[in-house]
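Enquirer: Give me a 3D structure for the following:
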Amino acid sequence: MYDPMNTFWFLLIGLFAGWLAGRIMKGKGFGLAGNLIVGVIGALLGGFLFSLIGLKSVSTFLAALVGAIVLIWLIGLIRFKK
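Expert: Presented below is the predicted three-dimensional model:
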């Protein structure tokens, strides 16, 4: 069943994770707005990656942060190859 409050918290955690990932990846981020978007997408990616290795009980924030860092790193590799 759809719960708007869960969606709100998911987005809020993803936004904060994107901001923090931009700080951690110093100079490889995409500005504030870009990092926030990457954080939300990274939350999805992190949840997927952690479920692949069997860590479904990892906190949402940790999964979002790891996902955002991985996504910033991957996009940075693609962006700087040109």
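Enquirer: which secondary structure elements does the strand or helix carrying Ser51 contact?
Expert: According to DSSP states H and E, Ser51 maps onto helix 31-52. Judged by 3 or more CB pairs under 8 Å, 6 or more residues apart in numbering; DSSP states H and E, helix 31-52 is in contact with helix 4-24, helix 60-81. Yep, even glycine has a C-beta here, placed from its N, CA and C like the rest.
Enquirer: which residues are in contact with the first one?
Expert: Identification of contacts with helix 4-24 by CB atoms under 8 Å, 6 or more residues apart in numbering yields 29-30, 32, 35-44, 46, 60-61, 64-65, 67-69, 71-72.
Enquirer: ok, Glu59 - how many residues close by?
Expert: Check again: residue 59 is Ser, not Glu. 10 (other CB atoms under 10 Å).
Enquirer: re earlier: check the offset of the helix holding Ser51 from the chain's centre.
Expert: How far helix 31-52 lies from its chain's middle: 2 Å, per CA atoms, centre = their mean, to the nearest Å.
Enquirer: Same question for stretch 21-35.
Expert: 11 Å.
Enquirer: what's the span of that stretch, first residue to last?
Expert: This stretch, stretch 21-35, spans 8 Å end to end (CA to CA, to the nearest Å).
Enquirer: Now tell me what touches stretch 25-37 from outside.
Expert: 14-15, 18-19, 21-23, 38, 68-69, 72-73, 75-76.
Enquirer: Show me which of those residues is closest to Asp3.
Expert: Nearest to Asp3 among the contacts of stretch 25-37: Gly14, at 16.1 Å, using CB to CB.
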